[in-house]
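Novice: no FASTA, just this:
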């Protein structure tokens with residue numbers, strides 16, 4: 001992976017919603033959202049969050065791209 005540090009750019013909306021606005025990465029077409037509590041966010045791999053932003057860069061994707069608590073890289 002490209003080593004983008006997007007996990008530190010997560011914005012907590014409430015107890016279970018975390019947002020990555022589309023400006024987090026240059027080519028993101030839509031924003032991304034993760035549904036998880038803080039303990040789970042702390043355990044999610046950075047590469048999995050980067051992969052979520054990769055999906056947000058795809059043409060034709062509809063907002064928001066959503067990651068669920070069981071998200072993982074690969």
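Specialist: That came through, no problem. This one's a predicted model, so the numbers in the text were calculated from it and none came from an experiment.
Novice: What segments of the protein are helices?
Specialist: Here the chain has its helices, by DSSP state H, at 38-43, 46-56.
Novice: Can you get me a residue count around residue 59?
Specialist: 5 (other C-beta atoms under 10 Å). Any C-beta I mention is one placed from the backbone N, CA and C, and that applies to glycine too.
Novice: ok, for it, nearest residue in space, not its chain neighbours?
Specialist: In space, not counting the residues next to it along the chain, residue 59 is nearest to residue 29; the distance is 7.0 Å by C-beta to C-beta, 6 or more residues apart in numbering.
Novice: Thought residue 55 was touching that neighbour, still the case?
Specialist: No - using C-beta atoms under 8 Å, residue 29 makes no contact with residue 55, being 9.8 Å away.
Novice: which residues do those two both contact?
Specialist: Common contact partners of residue 29 and residue 55 (C-beta atoms under 8 Å, 6 or more residues apart in numbering): residue 61.
Novice: which residues touch residue 40?
Specialist: Residues in contact with residue 40, defined by C-beta under 8 Å, 6+ apart, are residue 69.
Novice: so how far is residue 71 from it?
Specialist: 9 Å (C-beta to C-beta, to the nearest Å).
Novice: So which of the helices of the chain is nearest residue 9?
Specialist: Among the helices of the chain, the nearest to residue 9 by C-beta to C-beta is helix 46-56 (9.1 Å).
Novice: Other residues contacting the closest one?
Specialist: 1-2, 4-7, 10, 20, 22, 24-25, 28-32, 34, 61, 64-65, 67, 71-73.
Novice: redo that, cut-off 7 Å
Specialist: Helix 46-56 is contacted from outside by 1, 4, 6-7, 20, 22, 24-25, 28-32, 61, 65, 67, 71-73, using C-beta atoms under 7 Å, 6 or more residues apart in numbering.
Novice: For that helix, the averaged confidence score.
Specialist: Helix 46-56 shows an average pLDDT of 95 in the prediction.
Novice: go on, stretch 5-14?
Specialist: pLDDT averaged over stretch 5-14 gives 92.
Novice: So for that stretch, what gets flagged as buried?
Specialist: Judged by neighbour count (16 or more other C-beta atoms under 10 Å), stretch 5-14 contains these buried residues: 6, 7, 10.
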